[in-house]
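Student: Could you look at this predicted model? Sequence included:
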Amino acid sequence: MKTMMQITVVLAAIAVTVSCSKNLPDGNGPSGGGTEIIDEPLEELPPLEDVDDVCEKMTDIGFMSYCYLNFDANMDGRVSMTEANAVKAIECDDAENFSGIEYFSNLETFKSSSVQTIDLRYNKKLLSVDCKGAPIAVIDLRYNTGLQEMSFEDCTNFVKVLLPSSLDYIGRSTFRNTAIVRFVCPDSVKTIEDSAFNGCKSLEFVTFPDCLSVIDSSAFAGCSSLKSVTFPDDIVMYLGEGAFRDCISLGAVTLPKSYGLDAEMFAGCNSLKSITWPKEVPNNYNSDNSIFYVVGEDAFKGCKSLESVTFPDDYQIIITSGTFAGCSSLKSVISFPHLGVPEAAFDGCVSLESITCKYGYVSFVEDYAFSGCSSLKTITFSDGLTEVGDYAFYGCSSLKTIMFSDDLTEIGTCAFYNCSLTKVVCYALDPPYLRNENGDPFDRYCKIPELYVPSSSVDAYNQSSWSLYFEQILPIE
């Protein structure tokens, strides 16, 4: 039996001669560090020289001390293989090198915020690994086939992990704020949970398996080095809110087959130049039996390099508020399919010159829809438009002419303020209501030269508030 004096001497000696665990990958290579799946047999674990003391195998004084203090059940100054086999959890923040952990064959949970070096290949019953905030750089988990939870969040040195091929999902915040460069997803993974790779600024390369069906909220948000993403072709996917938000190097994206995009999906991706819509979408049916695809709020907000958007003809795209707000390079929108323009949908699109409507009509233009679109020169609203919202075209300083159908009933506060209109045509028989509680819909101090209305309605317009904003009200010929 070892005395406490003998244990103290052993610990002191270890402090002088700390060594690293063997056989761990270095994380280097032509593609840099990242996740990998490598199929090769695991060599046998070398037997202990002293089967009566597992702790003697440890080379870190902190881990050795933890071992003696926590696992010496019979208080004989040793930790036998029998005692080691009873250990299900190790939680130690006082060690850097966990050499010797291989001999805890029934270990299910490991947690350390101080670990730098560890070999968990032989802990085949491991279910959970939590190294949150630790200085660890590399770990091999490919033989841990029961693994359920991993966390390397805020491990800023972490560059590489070898994953088991049986892994079902990548958990919440697993690799958040790490230095990982490559992500090769195991073929078995179906879900990548929220914030799994959030803030991985070095991540350049991602490969998804064909069975992946869920990429949850903010999963890859802030991955500023990520340049391309390829989604599975055939499976119906769910993409969570902001999944690729602020991926500032992402240049192009081909969207997966899905029911739509959640809010802020690619917001802030200011290198994004092109969007390819999915070839087909699941059968979401409108009341008119047409198939639709919903694009969430602010989905492409701030994509400053996006120059053109062409909507598909096979199904209807329904955009929502702020979808393309701040897309300062966007020049044209082709086959615009929406029945109305939601709030701030194109707010601040300073290069936008034209919009072509797919269905030939738009039923509403909500508040700030085209506010600040200073290059927009002309737009025609055919049958169906009933209302123009507050500030809808505010600051459209190149807008010269506009035409309204006979369905128009209301124009909002400051809707066309700071525009350069020279001609307005309105087919409505009754003068639409002009809201001016907080500002005039048109600039009354810089009257528009001409308003054309149905000949039978000229007197009605002259007697209405419309006359405040136009020099002449003339009949449509």
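Tutor: Thanks, I have it. What you are looking at is a predicted structure, and each value in this text was computed from that prediction instead of being measured.
Student: how close does residue 469 get to residue 447?
Tutor: Distance from residue 469 to residue 447, counting by C-beta to C-beta, to the nearest Å: 6 Å. The C-beta positions use only the backbone N, C-alpha and C, and glycine is treated the same way.
Student: Correction: the previous question concerned residue 410.
Tutor: In this structure, residue 410 and residue 447 are separated by 21 Å, where distance is defined by C-beta to C-beta.
Student: what's the answer for residue 121, then?
Tutor: Residue 121 sits 80 Å away from residue 447, taking C-beta to C-beta as the criterion.
Student: Identify the residue nearest the geometric centre of this protein.
Tutor: Taking C-alpha atoms, centre = their mean, the centroid of the chain lies closest to residue 243, which sits 1.7 Å from it.
Student: just checking, it touches residue 218?
Tutor: Yes - distance between residue 243 and residue 218: 6.6 Å, which falls inside the contact criterion (C-beta atoms under 8 Å).
Student: rewinding a little: residue 469 and residue 447: which has the busier surroundings?
Tutor: residue 469 (22 against 16; other C-beta atoms under 10 Å).
Student: Could you check the pLDDT of that one?
Tutor: Reading off the confidence values, residue 469 has pLDDT 95.
Student: which ones are touching residue 263?
Tutor: Residues near residue 263 by C-beta atoms under 8 Å, 6 or more residues apart in numbering: 241, 242, 296, 297, 298, 299, 320.
Student: Quick check: residue 205 touching residue 180?
Tutor: No - because the distance of 10.0 Å does not satisfy C-beta under 8 Å, residue 205 is recorded as not touching residue 180.
Student: rewinding a little: now, the contacts of residue 263 that are in strands?
Tutor: Where the contacts of residue 263 are compared with strands, as defined by DSSP state E, there is no overlap at all.
Student: and stretch 257-271, average pLDDT?
Tutor: In the prediction, stretch 257-271 has an average pLDDT of 94.
Student: Show the end-to-end separation of it, please.
Tutor: 23 Å (C-alpha to C-alpha, to the nearest Å).
Student: Ok, stretch 468-477 next?
Tutor: End-to-end span of stretch 468-477 (C-alpha to C-alpha): 23 Å.
Student: got it, and stretch 220-234?
Tutor: Using C-alpha to C-alpha, the distance between the terminal residues of stretch 220-234 is 22 Å.
Student: and it, which residues are buried?
Tutor: Under the neighbour-count criterion of 16 or more other C-beta atoms under 10 Å, stretch 220-234 has 220, 221, 222, 223, 224, 226, 229, 231 buried.
Student: Please look at the first one and residue 242 and confirm they touch.
Tutor: What that stands for is residue 220. No - when contacts are counted by C-beta under 8 Å, residue 220 is not listed as touching residue 242 (9.3 Å).
Student: which stretches of this structure form helices?
Tutor: Secondary structure of the chain by DSSP state H: the helices cover 4-16, 61-71, 81-85, 458-462.
Student: Can you give me the separation between residue 210 and residue 182?
Tutor: 19 Å.
Student: Please say which of these two ends up with more neighbours.
Tutor: residue 182 (20 against 10).
Student: Next one: that one, what pLDDT does it get?
Tutor: 88.
Student: any residues touching stretch 105-113, and which ones?
Tutor: Contact with stretch 105-113 is made by 84-93, 95, 98, 101, 118, 120, 122-134, as judged by C-beta under 8 Å, 6+ apart.
Student: how about a cut-off of 7 Å?
Tutor: For stretch 105-113, the external contacting residues (C-beta atoms under 7 Å, 6 or more residues apart in numbering) are 85, 87-93, 120, 123, 125-134.
Student: Cross the residues you listed against strands and list the overlap.
Tutor: Secondary structure assignment by DSSP E places 89, 90, 91, 128, 129, 130 of the contacts of stretch 105-113 in strands.
Student: Turn those residues into CSV, columns for distance to residue 370, pLDDT and neighbour count.
Tutor: Listed next are the ones in strands among the contacts of stretch 105-113 as CSV, based on distance: C-beta to C-beta, whole Å; pLDDT from 0 to 100; neighbours: other C-beta atoms under 10 Å:
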residue, distance to residue 370, pLDDT, neighbour count
89, 59, 98, 13
90, 60, 97, 21
91, 57, 98, 12
128, 52, 96, 18
129, 51, 96, 25
130, 50, 97, 17
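Student: Closest to residue 473 out of those?
Tutor: When the ones in strands among the contacts of stretch 105-113 are compared for distance to residue 473 (C-beta to C-beta), residue 130 comes out closest, at 73.7 Å.
Student: tell me the pLDDT at the closest residue to the closest one other than its chain neighbours?
Tutor: The shortest distance from residue 130 to any non-neighbouring residue, by C-beta to C-beta, 6 or more residues apart in numbering, is to residue 111 (4.2 Å). The score at residue 111 is 98. That number is its pLDDT.
Student: Make 45 the first number, not 1, from now on.
Tutor: Sure, I'll start numbering at 45, so the last one becomes residue 155.
Student: Is residue 155 bridged to anything, and to what?
Tutor: For residue 155, the beta-bridge partners are residue 135, residue 174 (DSSP bridges).
Student: distance of it from residue 161?
Tutor: Residue 155 sits 16 Å away from residue 161, going by C-beta to C-beta.
Student: which of these two has more neighbours?
Tutor: Each of residue 155 and residue 161 had its neighbours counted (other C-beta under 10 Å), and the higher figure belongs to residue 161 (22 against 17).
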